[in-house]
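K.L.:
My questions concern the predicted model and sequence given below.
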Amino acid sequence: MTVQPIRLFGDPVLRTPAEPVVDFDRELRQLVEDLTETMREQSGAGLAAPQIGVGLRVFSFDVDDVLGYLINPVLEFPDEEEQEGPEGCLSIPGLYFDTKRRQNVIAKGFNAYGDPLQIVGTGLMARCVQHETDHLDGVLFVDRLDRAARKAALRAIRSADWYDPMRPPQIKVSPHASRGIFG
Ligand code: NI
């Protein structure tokens, strides 16, 4: 397993919708291992493949001692209930903003062997699943803030010591270069 560098806000890979996984092969299982290892090393609650530069629809999670991952997730919301609470992102380090999310979610997808897998999440797990699935659509949690809060968040990001607007984008070729969007 290999810990990978985390892509930071400003890196275009975070704004590019990820491609569905087609091949459930060894490379995919390696990606799941890298994601999981990197997430744990960073003490993250979740990590999406674009955050390590891979444009595939895969995320890992580690919430309330439940460790797992999901491939090609599709979300369903069983009710209208919402939650509001602090949210952060390994790609926007050190900054947390109250973010509104659905309280309950059912995430349907696959494991690394192509078998169907379902996560029924509530509270923090539901928040994590929504946050990570957003990453796969090129969406960051600051996009979910209302206008005034988003403005304040972007100001905080621009003055963060890690933020470098001149940093050249680093795009890693996806494990499946022929189908990958960065190949
Ligand atoms: Ni994130």
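P.N.:
Thanks, I have it.
K.L.:
End to end on stretch 20-33, go ahead and measure it.
P.N.:
18 Å (C-alpha to C-alpha, to the nearest Å).
K.L.:
what is the mean pLDDT for it?
P.N.:
Confidence over stretch 20-33, taken as the mean pLDDT, stands at 97.
K.L.:
in which helix or strand would I find A107?
P.N.:
Following DSSP states H and E, one finds A107 within strand 104-110.
K.L.:
Give me the next element, helix or strand, following that strand.
P.N.:
Downstream of strand 104-110, the next assigned helix or strand under DSSP H and E is strand 116-122.
K.L.:
buried stuff in that next one?
P.N.:
Residues L117, I119, G121 are the ones in strand 116-122 that count as buried (16 or more other C-beta atoms under 10 Å). For the C-beta atoms, the positions are set from N, CA and C on the backbone; glycine is no exception.
K.L.:
who touches the first one in this structure?
P.N.:
Put plainly, it is L117. With contacts defined as C-beta atoms under 8 Å, 6 or more residues apart in numbering, L117 is in contact with L70, I71, K108, G109, F110, N111.
K.L.:
So in terms of bridging, what pairs with the third one?
P.N.:
In other words, K108. With DSSP bridges as the criterion, the beta-bridge partners of K108 are V74, Q118.
K.L.:
hang on, it packs against P73?
P.N.:
Yes - the criterion here is C-beta atoms under 8 Å, and K108 meets it with P73 at 7.0 Å.
K.L.:
quick one, which of these two is more surrounded?
P.N.:
Just comparing K108 and P73: by other C-beta atoms under 10 Å the higher neighbour count belongs to P73, 23 against 15.
K.L.:
where's the more buried one relative to D11, distance?
P.N.:
P73 sits 22 Å away from D11, taking C-beta to C-beta, to the nearest Å as the criterion.
K.L.:
what's the answer for E76, then?
P.N.:
Distance, E76 to D11, by C-beta to C-beta: 30 Å.
K.L.:
Name the residue in the two with the higher neighbour count.
P.N.:
The residue with more neighbours, out of E76 and D11, is D11; 19 against 11, by other C-beta under 10 Å.
K.L.:
For that one, give me the pLDDT.
P.N.:
The per-residue pLDDT reported for D11 equals 91.
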